[in-house]
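> Here is a sequence with its predicted model. Questions after.
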Amino acid sequence: MKYFQIDKSLFETNRAKFKAKMQPHSLAVFNSNDIYPISADSTMPFEQHRDIFYLSGVDQEESILVLFPDCPKEKHREILFLKETNEHIAIWEGEKLTKEKAFETSGIKTVYWLQDLEKVMFEILTQCDTVYINTNEHYRANVETETREDRFTKWLKNKYPAHAVAKSNPILQRLRSVKEPIEIDLIQKACDITEKGFRRVLGFVKPDVWEFEIEAEFMHDFLRHRSKKFAYTPIIASGNNANVLHYIENNQQCKAGDLILMDVGAEYANYSSDMTRSVPVSGRFSERQKAVYNAVLRVKNEATKMLVPGTDWAEYHVEVGKIMTNELLSLGLIDKADVQNENPEWPAYKKYFMHGTSHHMGLDTHDYGILTEPMRANMVFTVEPGIYIPDEGFGIRLEDDVVIQKAGEPFNLMRNIPIEADEIEDIMNA
């Protein structure tokens with residue numbers, strides 16, 4: 001791994017929180033992701049399933065975590081099953097976790113090789129009544145591929161049909177949405193790496209540069225600072241490309257006078273950052289561009305103030321819509337008649353700002369969190385309003401990541417990343 005080892009106390013704390021929510025005499029199982037094939041002998045880079053990472057810190061394939069807090073044998077209350085390593089594997093595939101290293105990483109003392117899985121599982125399943133299975137119930141999930149977790153669940157239900165089944169996901173949705181201090185530090189590290197990339201890009205952008213060249217500049221600084229990749233597919237959208245919300249081709253030339261919308265973020269230790277900035281190709285905003293830019297920035301700043309404990313996510317978006325409506329009226333993009341005659345299901349402002357303002361952030365860019373429950377301290381949210389004007393050839397979105405505090409306004413993890421129009425111009429023309 002490129003990142004520095006994380007203090008195992010984080011994973012011990014996370015497991016303790018999960019176990020406290022389990023039913024009596026129950027057992028929970030969590031699987032690593034597969035390494036997915038491309039074709040021939042090629043594979044995609046491995047990405048660990050965030051749930052087993054959250055609970056153990058284990059960041060390798062073919063790993064299984066079992067939690068059984070009421071197990072009669074104390075050593076079986078927490079178990080890791082790992083792919084057996086040896087000198088041959090180390091030479092051909094690189095270092096894998098030894099049993100000793102697994103303890104250093106996770107704090108779990110009992111580690112078996114995978115070959116012992118069925119024998120050990122038979123013993124402990126005779127001692128429990130309920131098994132927690134881990135299904136993907138994120139509100140954005142749309143999974144067509146059968147995962148390792150899915151295959152394990154099929155095997156479990158077929159071999160042990162008499163056991164009651166419970167769901168891990170509702171527990172994890174609530175636990176993972178509220179961050180521990182170590183997690184906030186890791187997200188801050190990802191944001192700091194993103195800042196380094198953005199400052200590099202501000203000195204690089206000029207007329208006729210290509211979008212993919214800007215993408216490469218970000219990746220250069222991300223790798224230099226121990227990030228293995230973008231936290232999500234980057235958007236480098238110049239001119240009218242910015243009006244395509246998920247534009248990811250990044251293959252056009254940036255023309256003088258245009259704006260570039262850059263929605264990028266570094267990952268660090270599997271934790272995400274999520275930043276958007278809009279900058280002028282020529283180093284100066286036009287009067288109109290700056291007026292729209294500052295309108296978006298005002299919406300972002302006002303929306304941020306509302307991210308406090310107790311805020312309802314749906315009501316928050318309604319209030320942000322009212323702020324955006326006033327800005328669009330001032331810009332002449334809509335008029336009072338548009339507002340008076342608007343469809344409540346699709347208000348007038350949606351013509352120019354059609355997406356949500358905030359989502360949970362953490363191990364996933366769109367992280368776990370139950371949107372029907374009030375916001376809580378130590379949740380991390382994005383704040384990302386935008387105004388998109390195809391008829392004028394540009395779109396502007398501005399986005400920071402913030403931590404909800406027990407009292408007062410949230411703490412901005414991207415407070416050091418330039419966002420004021422004048423500061424961006426000054427840096428680009430230094």
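Structure received.
> Regarding the chain, what is its longest helix?
Once the chain is assigned using DSSP state H, the helix that runs over the most residues is helix 181-202.
> Tell me which residue of the chain is furthest from the middle?
No residue in the chain has its C-alpha farther from the mean C-alpha position than residue 337, which lies at 39.4 Å (C-alpha atoms, centre = their mean).
> Let me know the helix or strand that residue 11 is in.
Under the criterion of DSSP states H and E, residue 11 resides in helix 9-20.
> Averaged pLDDT, that helix. What do you get?
Mean per-residue pLDDT for helix 9-20: 98.
> export it as PDB, just CAs?
Written as PDB, here are the backbone C-alpha positions of helix 9-20 (Å, rounded to 0.1, in the frame of the first residue of the first chain):
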ATOM      1  CA  SER A   9      -7.300   1.300  17.300                       C
ATOM      2  CA  LEU A  10      -9.600   2.700  14.600                       C
ATOM      3  CA  PHE A  11     -10.700  -0.800  13.500                       C
ATOM      4  CA  GLU A  12     -11.000  -2.100  17.000                       C
ATOM      5  CA  THR A  13     -13.300   0.800  17.800                       C
ATOM      6  CA  ASN A  14     -15.300   0.200  14.600                       C
ATOM      7  CA  ARG A  15     -15.800  -3.500  15.400                       C
ATOM      8  CA  ALA A  16     -16.800  -2.700  19.000                       C
ATOM      9  CA  LYS A  17     -19.500  -0.300  17.700                       C
ATOM     10  CA  PHE A  18     -20.800  -2.900  15.200                       C
ATOM     11  CA  LYS A  19     -20.900  -5.700  17.700                       C
ATOM     12  CA  ALA A  20     -22.800  -3.500  20.200                       C
END
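> Let me see the confidence value for the nearest residue to residue 357 once chain neighbours are set aside.
The spatially closest residue to residue 357, leaving aside those adjacent along the chain, is residue 320, at 4.7 Å (C-beta to C-beta, 6 or more residues apart in numbering). (C-beta placed from N, C-alpha, C; glycine too.) On pLDDT, residue 320 comes in at 98.
> and whichever helix or strand comes after the helix holding residue 11, what's its mean pLDDT?
Toward the C-terminal end, the helix or strand that comes next after helix 9-20 (DSSP H and E) is strand 26-31. For strand 26-31, mean pLDDT is 98.
> Go through strand 26-31 and flag the buried ones.
When burial is assessed from 16 or more other C-beta atoms under 10 Å, strand 26-31 yields the following buried residues: 26, 27, 28, 29, 30, 31.
> Out of those residues, the closest to residue 77 would be?
residue 27 (9.8 Å; C-beta to C-beta).
> So in terms of bridging, what pairs with that closest one?
Counting by DSSP bridges, residue 27 forms beta bridges with residue 131.
> ok, it - contacts?
66, 67, 68, 71, 124, 125, 128, 130, 131, 132 (C-beta atoms under 8 Å, 6 or more residues apart in numbering).
> quick one on the thing from earlier: give me the angle between the longest helix of the chain and helix 9-20.
Interaxial angle of helix 181-202 relative to helix 9-20 (axes from the mean of the first three to the mean of the last three C-alpha atoms, to 10 degrees): 130 degrees.
> Render the CA-only coordinates of helix 181-202 in PDB, please.
Provided in PDB are the C-alpha atoms of helix 181-202 (Å, rounded to 0.1, in the frame of the first residue of the first chain):
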ATOM      1  CA  PRO A 181     -11.200  11.400  14.500                       C
ATOM      2  CA  ILE A 182      -8.700   9.100  12.700                       C
ATOM      3  CA  GLU A 183     -11.100   8.900   9.800                       C
ATOM      4  CA  ILE A 184     -11.500  12.700   9.600                       C
ATOM      5  CA  ASP A 185      -7.700  13.000   9.600                       C
ATOM      6  CA  LEU A 186      -7.500  10.500   6.700                       C
ATOM      7  CA  ILE A 187     -10.100  12.400   4.700                       C
ATOM      8  CA  GLN A 188      -8.200  15.600   5.500                       C
ATOM      9  CA  LYS A 189      -5.100  14.000   4.100                       C
ATOM     10  CA  ALA A 190      -6.900  13.100   0.900                       C
ATOM     11  CA  CYS A 191      -8.200  16.700   0.700                       C
ATOM     12  CA  ASP A 192      -4.600  18.100   1.200                       C
ATOM     13  CA  ILE A 193      -3.300  15.900  -1.700                       C
ATOM     14  CA  THR A 194      -6.100  17.300  -3.800                       C
ATOM     15  CA  GLU A 195      -5.100  20.800  -2.900                       C
ATOM     16  CA  LYS A 196      -1.500  20.100  -4.100                       C
ATOM     17  CA  GLY A 197      -2.800  18.800  -7.400                       C
ATOM     18  CA  PHE A 198      -5.100  21.800  -7.900                       C
ATOM     19  CA  ARG A 199      -2.400  24.400  -7.200                       C
ATOM     20  CA  ARG A 200      -0.200  22.600  -9.700                       C
ATOM     21  CA  VAL A 201      -2.900  22.800 -12.300                       C
ATOM     22  CA  LEU A 202      -3.500  26.500 -11.700                       C
END
